[in-house]
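Visitor: give the three-dimensional model of this entry:
(2 chains, ligands or ions: 3)
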Amino acid sequence: MIDPRLSVIDERLGRIKRLIAVASGKGGVGKSLIASTLALILSEKGFRAGLMDLDFTNPSTHLILGAESAYPLEDKGVVPPKVRGVSYTSISFFTGGKPSPLRGEDVTNAFIEILALTRWGDLDYLVIDTPPGMGDALLDLLRLIKRVGFLVVSTPSRLSLETIKKLIEILRSVRAQVIGVVENMASAEMKSIRGEVEELGERYLGSISFDPEVEEAIGNPDKLLGIRFAEDLRKVADKLV
Amino acid sequence: MHEWALAEAVVSAASKLAGERGLGKITLVKIKVGELQQIDLEVFKFALSQIAEKLLPEAGFEISVERAEFRCRACGRTWRFRGEELDPEIREAIHVIPEVAHAFLRCPRCGSPDFEVVKGRGVWIESIVGEKSG
Ligand SMILES: Nc1ncnc2c1ncn2[C@@H]1O[C@H](COP(=O)(O)OP(=O)(O)OP(=O)(O)O)[C@@H](O)[C@H]1O
Ligand SMILES: [Mg+2]
Ligand SMILES: [Zn+2]
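Guide: Numbering: from 1, shown residues only, chains lettered A, B, ... in the order given. Ligands and ions are numbered 1, 2, ... in the order given. Presented below is the predicted three-dimensional model:
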């Protein structure tokens, strides 16, 4: 028996110029906040931007974007709603805020379903928020979307640095594109990981300060785009485009 | 209605398969549809015929529906999907992404969300029949 969904994935993503997965291996380093804000910034710059939340058991980009009431249109597939200019899709549309505990096989199936059904249309960038860990989501991403580039996020902590080293090793071993490393939650007290990143031979894309205003801005894209966090991320975005 | 998206997938996969097997034309595609997908068969058939017109003009489609069955990984209980008892919104959500059943359904014996869809998930091409080219 053949799963026909696999044969339309490339076509569904065919009119997207660039796919950027925000990943780290480590949890809680700011992947979702960076992915969501990056999509908003790209859209603000005039690009056609999309955001796909791949964290099926703990989606959070809908909370960051304040998109709890967004719902896609079903028209010969699923057409992502626009949230402040960003074409957006998340499993949260369909779980109604309920917890959805999923095993690996279900994660894979849900991902394939979303890829096979979603009609993104023409996009310059599709940003993909990924869950922590090096599990199903990462492996499926590498298997199903060959041309995705990885934006690796780390905090200045050594624990985070060690994790991204492993992630980068895996990405290199399968010849996936590593776009570079973003250092998040940087502060004057912590030594930057810039040196280590450059020693690894990866591009250091910049640092984003720990910004106490983030919490207040969650759920409000306008506010989010006006704080220091976004200002720092814009400099990173400038290096991507 | 994402029946169209699924129909596109079926036609695209079937024509790729025909290419791989050196079939000049396909006369029959046998499709199995899982009940959990809650596909509107009329819409699906119509979509298949429309999309196939260009790519697989001689193809007929035979569709069978497989009942959905769950098995609890915690206590072993098996049970059947009863879509008609669910809220329309929940049905719609499961229709789009069947895995969200894990957000709404629980094992009727022990309440666990850790169940497996033993049968009745997805859309599958069971077989194709065609004629060799040249
Ligand atoms: N630069 C920053 N300044 C202040 N707070 C931040 C910053 N970056 C992220 N945060 C906060 O840190 C927390 C974790 O961020 P986020 O959820 O984006 O991380 P994550 O890597 O996606 O986590 P997970 O691995 O669970 O998916 C959130 O409360 C977020 O608001
Ligand atoms: Mg996250
Ligand atoms: Zn049970």
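
Visitor: tell me the mean pLDDT over the helix or strand hosting A:Glu215?
Guide: In this structure, A:Glu215 sits in helix A:214-217 according to DSSP states H and E. The pLDDT scores in helix A:214-217 average 98.

Visitor: repeat that for stretch B:79-89.
Guide: pLDDT averaged over stretch B:79-89 gives 95.

Visitor: give the buried residues for that stretch.
Guide: B:81, B:86 (16 or more other CB atoms under 10 Å in any protein chain shown). For the C-beta atoms, the positions are set from N, CA and C on the backbone; glycine is no exception.

Visitor: tell me the gap between that stretch and the middle of its chain.
Guide: With CA atoms, centre = their mean, to the nearest Å as the basis, stretch B:79-89 stands 17 Å off its chain's centre.

Visitor: what's it in contact with?
Guide: By CB atoms under 8 Å, 6 or more residues apart in numbering or on different chains, the residues outside stretch B:79-89 that reach it are A:96, B:35-36, B:38, B:67-70, B:91, B:94, B:101, B:104, B:107-108, B:120.

Visitor: whichever of those residues end up buried, select them in ChimeraX.
Guide: Selection of buried members from the contacts of stretch B:79-89 for ChimeraX, criterion 16+ other CB under 10 Å:
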select /B:35,36,38,68,69,70,94,101,104,107,120
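
Visitor: counting neighbours, which bits of the biggest helix by length in chain A end up buried?
Guide: If you go by DSSP state H, chain A has its longest helix at helix A:158-173. Using 16+ other CB under 10 Å as the test for burial, helix A:158-173 gives A:160-161, A:163-165, A:167-168, A:170-171.

Visitor: which other helices and strands does the very next helix or strand once past the helix holding A:Glu215 contact?
Guide: In the C-terminal direction, the helix or strand that comes right after helix A:214-217 (DSSP H and E) is helix A:221-226. Helix A:221-226 sits against helix A:31-44, helix A:214-217, with contacts defined as 3 or more CB pairs under 8 Å, 6 or more residues apart in numbering or on different chains; DSSP states H and E.

Visitor: so which of these is nearest chain B?
Guide: Nearest of the helices and strands packed on helix A:221-226 to chain B, taken as CB to the nearest CB: helix A:31-44 at 19.3 Å.

Visitor: what mean pLDDT does the closest one have?
Guide: 98.

Visitor: repeat for stretch B:34-51
Guide: pLDDT averaged over stretch B:34-51 gives 95.

Visitor: and it, what's buried?
Guide: Neighbour-count burial for stretch B:34-51 [16+ other CB under 10 Å]: B:34-39, B:44-45, B:47-48, B:51.

Visitor: next helix or strand past the longest strand seen in chain A?
Guide: When chain A is parsed with DSSP state E, its longest strand is strand A:177-186. Downstream of strand A:177-186, the next assigned helix or strand under DSSP H and E is helix A:194-199.

Visitor: elements contacting that following helix?
Guide: Looks like helix A:194-199 contacts strand A:177-186, strand A:204-209 (3+ CB pairs under 8 Å, 6+ apart).

Visitor: tell me which of those strands is the most buried.
Guide: strand A:177-186 (a mean of 22; mean count of other CB atoms under 10 Å in any protein chain shown).

Visitor: can you give me the angle it makes with helix A:31-44?
Guide: Between strand A:177-186 and helix A:31-44, the angle comes out at 110 degrees (axes from the mean of the first three to the mean of the last three CA atoms, to 10 degrees).

Visitor: from the buried residues of helix A:158-173, which is closest to A:Asp136?
Guide: Ranked by distance to A:Asp136 (CB to CB), the buried residues of helix A:158-173 are led by A:Ile170 at 13.8 Å.

Visitor: how about CSV for the helices and strands packed on helix A:221-226, with distance to ligand 3 added?
Guide: Formatted as CSV, those follow (distance: least, CB to the ion, whole Å):
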stretch, distance to ligand 3
helix A:31-44, 32
helix A:214-217, 39
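
Visitor: closest one to ligand 2 among those?
Guide: Among the helices and strands packed on helix A:221-226, helix A:31-44 comes nearest to ligand 2, with 3.3 Å by CB to the ion.

Visitor: and the closest one with ligand 1, contact?
Guide: Yes - applying CB under 6 Å from any ligand atom, one finds helix A:31-44 touching ligand 1 at A:31-33.

Visitor: list, out of those residues, those positioned next to ligand 2.
Guide: Among the residues of helix A:31-44 next to ligand 1, the ones lying near ligand 2 by CB under 5 Å from the ion are A:31-32.

Visitor: out of the residues of helix A:31-44 next to ligand 1, grab the one that's most surrounded.
Guide: A:Lys31 (28 neighbours; other CB atoms under 10 Å in any protein chain shown).

Visitor: most tightly surrounded among the helices and strands packed on helix A:221-226?
Guide: Greatest burial across the helices and strands packed on helix A:221-226, using mean count of other CB under 10 Å, falls to helix A:31-44, with a mean of 26.

Visitor: following the chain past that helix, name the next helix or strand.
Guide: strand A:49-53.

Visitor: list the buried ones in stretch A:2-19?
Guide: Applying 16+ other CB under 10 Å to stretch A:2-19 flags A:2, A:4-9, A:12-13, A:16, A:18-19 as buried.

Visitor: next step: those residues restricted to strands.
Guide: Going by DSSP E, the strands hold A:16, A:18-19 from the buried residues of stretch A:2-19.

Visitor: can you lay out the buried residues of stretch B:34-51 as TSV showing secondary structure and distance to A:Gly85?
Guide: As requested, those are exported to TSV (DSSP: H, G, I helix; E, B strand; the rest coil; distance: CB to CB, whole Å):
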residue	secondary structure	distance to A:Gly85
B:Gly34	strand	36
B:Glu35	helix	39
B:Leu36	helix	35
B:Gln37	helix	33
B:Gln38	coil	33
B:Ile39	coil	33
B:Phe44	helix	34
B:Lys45	helix	38
B:Ala47	helix	31
B:Leu48	helix	36
B:Ile51	helix	32
